[in-house]
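**Q** model this:
(6 chains)
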4 protein chains.
Amino acid sequence: MPLLKRRVLSAETRIDDLISAAASLFVAKGIDATTVDDIVMRAFVGKGTFYHYFDSKTDVILALRERFAENFIQRVAAAVDACPANDHPARFGAWLTAAVETYLASYKLHDVVFHDFTHSRRQSQEKDGVISQLVSLLEDGEQAGAWQFANARTVALVLFDGMHGVVDDAIAAGRRDTEVLVKQLLDVLSRLLQIENLQR
Amino acid sequence: MPLLKRRVLSAETRIDDLISAAASLFVAKGIDATTVDDIVMRAFVGKGTFYHYFDSKTDVILALRERFAENFIQRVAAAVDACPANDHPARFGAWLTAAVETYLASYKLHDVVFHDFTHSRRQSQEKDGVISQLVSLLEDGEQAGAWQFANARTVALVLFDGMHGVVDDAIAAGRRDTEVLVKQLLDVLSRLLQIENLQR
Amino acid sequence: MPLLKRRVLSAETRIDDLISAAASLFVAKGIDATTVDDIVMRAFVGKGTFYHYFDSKTDVILALRERFAENFIQRVAAAVDACPANDHPARFGAWLTAAVETYLASYKLHDVVFHDFTHSRRQSQEKDGVISQLVSLLEDGEQAGAWQFANARTVALVLFDGMHGVVDDAIAAGRRDTEVLVKQLLDVLSRLLQIENLQR
Amino acid sequence: MPLLKRRVLSAETRIDDLISAAASLFVAKGIDATTVDDIVMRAFVGKGTFYHYFDSKTDVILALRERFAENFIQRVAAAVDACPANDHPARFGAWLTAAVETYLASYKLHDVVFHDFTHSRRQSQEKDGVISQLVSLLEDGEQAGAWQFANARTVALVLFDGMHGVVDDAIAAGRRDTEVLVKQLLDVLSRLLQIENLQR
DNA sequence: AATGAATGAGCGTTCATTCAT
DNA sequence: CATGAATGAACGCTCATTCAT
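**A** Reported below is the predicted structural model:
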């Protein structure tokens, strides 16, 4: 007698179930400590089903990574687009706020997926997408005369990685207050863009 | 007959040999792919010897991490101390140059040791040491009136992680020219400190 | 949407397609390395169809075996029957030639089907059929006074397995010349039958 | 608490224990059905010990094969050498008797090791050793004028494979009487050598 | 102190077979 | 009849760690 009743579902549902099961287990126990058995058990599917949809355990991690980055970009984009198209300081402020918020909300998964698993931190499609988005924002502002600088990408990298570093430090210290963090960061980062300290 | 003739060496020599063997293997093949067997083979010692000096494989990674951070701090300190005690912009420039140089020279080991191995990136003694060093430099400058800001630690984090991000991006793109990188960074980071763009 | 559009074909066609697909894959990759998925993919049918016509993977091998032996027997029979009914040495020569030819033409499949798959080599219907055929030939000759011996089956076994061994050796050495092989074998085997060395 | 008390033994003992354990299990259940776990359990060693001495499961089979062929050759050589050096018919008779005896005594292992496991039947070192031994015997006899033929290897192959076939057939039929078998074979094979039917 | 043979828990992956559609 | 998504038992192998010598 089979342990699992055979349930035929759409491929998307299955893949999603599996990725979600993997995500929560990765966060809870780490990638290495999570076995494929754990994943299929939590997703209520047989082991073969896992390998029907993924080539390997590594494959899920990659899928998760993609999903993570996509979500980050979408959330940030939504926040930025809610601002007036010509108020570039506000748009940057929205970027920062959404980035900090999203990162604070999901840093555990972030760590697991981008840090715990060997992946070339340098030269990742995912980071590239995020950086490109920020570069666009900066270049729009530059064209509108909101700020200027020699190299938008360098600035974007300092902004993004600087933000990461500060938020990581806050998390380590047990501080999770988005508003305080954003204020602190804005205080420092607005100097970089040489704009007046922004309000929000 | 034993493959290895028993050689009695000082504990320090042994430990150093083992750490060095581990380091080059980690860089060459990654941590997971490097077995304890690989390490002892390259260090020309028996397996038991490894466990005589280290509690576990993890232990070597920790030791390596410490060694790495110590070296970084020392190199940077030497460069900074070579500057006049009261020329704070120059001291910061020295910090940046030494940091970029050192990182470029050893980023492979850095990755392996700080990235490839699960460790709380947030709350690491090693990073803390590096950040503290930079905070001191910044605070000295602030007291001397070279610059000012609300929160030295936040600035230090943005500087350090921003530097990291930019250098990582350069490595990914195949650019390894320290001078160009430092110039680019200085261009951006000096705004943060609101000092005139530095020469070197 | 199904990958394969449903095509209704006669059972024989399906079975034949499946057996042929299996045969070529077995020869190319070996039995173990050939999965049922491979077979159905090459036969352009769904997996369920395979199990509709065969009980198991083993089943195809058995079918293949039967097909192989039938073909062997038919080919040999045709060659023998082309000889005058009363020229027994010629009939034996025809048997040998056809056997060597057929074996050389299909030894790869032979190996896979009779050797690579666990089967009681001793007590196989297939070999029995082949041996019986040869025994008949020998007994016909004996009755006609062409040769004589105590035990026709023993002689048949030596002839058949001896032939096999010599041809295998030739294949291993890269020699595939049927004529030379037959000549060499006739030289030896005709002694067994105590007939004058045959011409052909 | 360990299931197995740690016992340090010589490498030879361990290897022998493992090969023997594997041999009996292979005969009893077949190669595929025998797991490495089965083997180590029967040899009273840990699984790691198995992989300390063998690279893989396949490795044991190869070792077993070698051991099998060596034993066959030795047994046959001993029997042949017990005959007068110049009595070539007797030497052949001894070869045949010893070969049949040895084969009958170990055909189960033979099957498992040479048949159940994919190995190029054609082009095996093991068979080559056995054939070479017989070729030598035949050539010695030829030089002494005991018999003659165009190609000693072809004759050896027919003798060896013919013997195999006849004994296999006997085993399948449940006949295990060495003497009867040898008599029957001698009756046929002595014609091949064109010697008077031998007594023994 | 030093050696390396010995241990065994652990895990990713395969694939023949089933069955809901 | 035909399909292919779903199942899960099964297994070879790795490697950090231990400990008898």
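**Q** need the helices for chain A, in chain order.
**A** For chain A, the helices defined by DSSP state H cover A:11-29, A:36-42, A:47-53, A:57-81, A:88-110, A:125-143, A:152-173, A:178-193.
**Q** Take these and lay them out in JSON lines including mean pLDDT, mean neighbour count and distance to chain C.
**A** C-beta coordinates here come from the backbone N, C-alpha and C atoms, glycine included. Shown next, in JSON lines, are the helices of chain A (pLDDT from 0 to 100; neighbours: other CB atoms under 10 Å in any protein chain shown; distance: least, CB to the nearest CB, whole Å):
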{"stretch": "helix A:11-29", "mean pLDDT": "93", "mean neighbour count": "17", "distance to chain C": "12"}
{"stretch": "helix A:36-42", "mean pLDDT": "94", "mean neighbour count": "17", "distance to chain C": "20"}
{"stretch": "helix A:47-53", "mean pLDDT": "95", "mean neighbour count": "15", "distance to chain C": "11"}
{"stretch": "helix A:57-81", "mean pLDDT": "94", "mean neighbour count": "17", "distance to chain C": "19"}
{"stretch": "helix A:88-110", "mean pLDDT": "95", "mean neighbour count": "20", "distance to chain C": "34"}
{"stretch": "helix A:125-143", "mean pLDDT": "95", "mean neighbour count": "17", "distance to chain C": "30"}
{"stretch": "helix A:152-173", "mean pLDDT": "96", "mean neighbour count": "22", "distance to chain C": "42"}
{"stretch": "helix A:178-193", "mean pLDDT": "94", "mean neighbour count": "19", "distance to chain C": "46"}
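**Q** nearest to D:Thr178, of those?
**A** helix A:47-53 (51.7 Å; CB to CB).
**Q** List of residues touching the closest one?
**A** Identification of contacts with helix A:47-53 by CB atoms under 8 Å, 6 or more residues apart in numbering or on different chains yields A:Ala11, A:Arg14, A:Ile15, A:Leu18, A:Val36, A:Asp37, A:Ile39, A:Val40, A:Ala43.
**Q** Mind doing that once more with 6 Å?
**A** A:Arg14, A:Ile15, A:Val36, A:Val40 (CB atoms under 6 Å, 6 or more residues apart in numbering or on different chains).
**Q** residues contacting the first one?
**A** Taking CB under 6 Å, 6+ apart, we find A:Arg14 in contact with A:Tyr53.
**Q** coming back round to it: mind checking which of the helices of chain A is nearest D:Val112?
**A** That would be, of the helices of chain A and by CB to CB, helix A:47-53, which comes in at 31.0 Å.
**Q** do that closest one and DNA strand E meet at all?
**A** Yes - contact of helix A:47-53 with DNA strand E (CB under 7 Å from any atom of the strand) involves A:Lys47, A:Gly48, A:Tyr51.
**Q** Quick check: pLDDT value at A:Ser10.
**A** In this model, A:Ser10 is scored at 82, pLDDT.
**Q** what about it, how many residues close to it?
**A** Other residues within reach of A:Ser10, judged by other CB atoms under 10 Å in any protein chain shown, total 8.
**Q** ok, it to chain B distance?
**A** A:Ser10 sits 35 Å away from chain B, going by CB to the nearest CB, to the nearest Å.
**Q** Point me to the residue of chain A nearest DNA strand F.
**A** Nearest to DNA strand F, among the residues of chain A, is A:Gly48, at 1.9 Å (CB to the nearest atom of the strand).
**Q** Redo the contacts of helix A:47-53 as TSV? Include distance to D:Gln133.
**A** Putting the contacts of helix A:47-53 into TSV (distance: CB to CB, whole Å) gives the following:
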residue	distance to D:Gln133
A:Arg14	62
A:Ile15	62
A:Val36	53
A:Val40	56
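**Q** So is stretch A:156-164 next to chain B?
**A** Yes - counting by CB under 6 Å from any CB of the partner chain, chain B has neighbours in stretch A:156-164: A:Leu157, A:Val158, A:Asp161, A:Gly162, A:His164.
**Q** related to what we said a few turns ago, and of the helices of chain A, who's closest to C:Ile195?
**A** Nearest to C:Ile195, of the helices of chain A and by CB to CB, is helix A:47-53 at 62.2 Å.
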